[in-house]
Structure formats: C-alpha cells, structure tokens
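**Q** Got a predicted structure here, sequence first:
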Amino acid sequence: QVQLVESGGGLVQPGGSLRLSCAASGFPFSYYTMSWYRQAPGKERELVASINWSGGNTNYADSVKGRFTISRDNAKNMVWLQMNSLKVEDTAVYFCKATRTGQPLLAYWGQGTQVTVSS
C-alpha cells in the first residue's frame, strides 16, 4: 500500500521557518523523483521544488529560490522541505508527490499539510 504522509505544517509569523517532512512507504522510493507542490485557496496547485532520485539535482520555483531547500534520504524513505524567510504568500496546503523516474504518469500524492504564514 503506497503512502505519502506529510507533516510539519502549522502557523508561523512572516520571516519564520518551518520544516515539512514526507514519509514514504509501499514503493521503491529511490526510483522516484520527489516533489513538493502547494495550493492556495482559489489558486491552482503549483510546483514548489523537486529533487531527483539521487538528490544530485534540485529545482525550485522562482518564488521560493534562496528561501526553500528540498532534501531526501533514500535510506529513510524521507523527503523534506526546509522553508525559511516565510512570507504571507507562502500560505497554502503543501503536498508531497512521488513520480517514477522516466514514467511521469506513474505518480503518487500525499494528503497535504497546511502552512499558514500570518502575523
């Protein structure tokens, strides 16, 4: 049974930090590109960051470059999103996604974790 379980969301003040975690199980984690997406109310889901199977290649949305860092540990089947210098506009539900390398239609999603940035 495939599972992606996100955690670490919450309420934080502007300028603060949060670290999101995604625990994966039920599939060969090291064969998958891992990504974080987010969806704010009334907006489409957007890619925030992605990391390839080895962790050697990462990509970020322009809006989060220099503030967010994605990382993974294949031995632990975990992926993280370190979010620093948070802004009000970062408020969204954050989702973890696993995509089989070379097979973009083979993908799994987590249920999401809420991040709210507010003073």
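**A** Thanks, I have it.
**Q** Go ahead and flag the most central residue of this structure.
**A** Nearest to the mean C-alpha position of the chain, by CA atoms, centre = their mean, lies residue 36 at 2.5 Å.
**Q** shouldn't that one be in contact with residue 98?
**A** No: at 11.1 Å, residue 36 does not count as touching residue 98 under the criterion of CB atoms under 8 Å. Every residue, glycine included, has its C-beta placed from N, CA and C.
**Q** just wondering, since we're on the residue nearest to the centre of the chain, how far is it from residue 119?
**A** Using CB to CB, to the nearest Å, residue 36 is found at 24 Å from residue 119.
**Q** Repeat that for residue 73.
**A** Counting by CB to CB - residue 73 and residue 119 are separated by 34 Å.
**Q** surely residue 19 meets residue 82?
**A** Yes: using CB under 8 Å, residue 19 makes contact with residue 82 at a distance of 5.1 Å.
**Q** Let me see the confidence value for the nearest residue to residue 33 once chain neighbours are set aside.
**A** What sits nearest to residue 33 in space, not counting adjacent residues and going by CB to CB, 6 or more residues apart in numbering, is residue 99, at 4.8 Å. Note for residue 99: predicted pLDDT of 96.
**Q** Partner strands of the helix or strand containing residue 99 and their direction?
**A** In the assignment (DSSP states H and E), residue 99 maps to strand 92-100. Its sheet considered, strand 92-100 pairs with strand 32-39 (antiparallel), strand 107-109 (antiparallel), strand 113-117 (antiparallel) by DSSP bridges.
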